[in-house]
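In: fold the following.
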Amino acid sequence: MKTTNYYNTFIEVSEDCPAGTAEIPPVRGESRSAANIQFDMMSRHPYRFTSDDVIFQVFATKNNVGKSAWEEFFSKGQACLRASPLVKRYGWGVHCDAEGKVAIYGIGSAEYEQYLKSKELAHVKGMRSKRV
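Out: Presented below is the predicted three-dimensional model:
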């Protein structure tokens, strides 16, 4: 099984993120977007879920499937939270702890700056939205 989990890592906001401060993803229409689902899970329950849990929940919600689809879903490679719209568009960094559990912190917040400067964490940038 392939995993999207990071450990002791801070996923920084993408270099080309248009948000100067963190934004809550807007709800548009009847169904929640991937950004809405990810934001709700990581902001309401910090360090409760792993990246795999968050990525799978988006898939399960969008496709109306249950936990039984987990193995099949992760039998193929999946995009990690570096590709999340929270990181790429809405200005949220993701801290992954020693157990791979995740929480989000808004760009410019004291917590974001603390994790950004931490030498005890691995640092990766969110994926760019545009090619260079």
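In: top helix in this structure by residue count?
Out: helix 51-63 (DSSP state H).
In: buried set for that one?
Out: Applying a neighbour-count criterion of 16 or more other C-beta atoms under 10 Å, one finds Ser51, Asp52, Asp53, Val54, Ile55, Phe56, Gln57, Val58, Phe59, Ala60 buried in helix 51-63. (Each C-beta comes from the backbone N, C-alpha and C, glycine too.)
In: give me the mean pLDDT for it.
Out: For helix 51-63, mean pLDDT is 95.
In: next one: stretch 105-115
Out: 96.
In: mind listing what's buried in it?
Out: Tyr105, Gly106, Ile107, Ser109, Tyr112, Tyr115.
In: mind listing the strands in the chain by residue range?
Out: Taking DSSP state E as the test, the strands found in the chain are 9-12, 92-96, 102-106, 122-125.
In: what mean pLDDT does the second one get?
Out: This points to strand 92-96. For strand 92-96, mean pLDDT rounds to 98.
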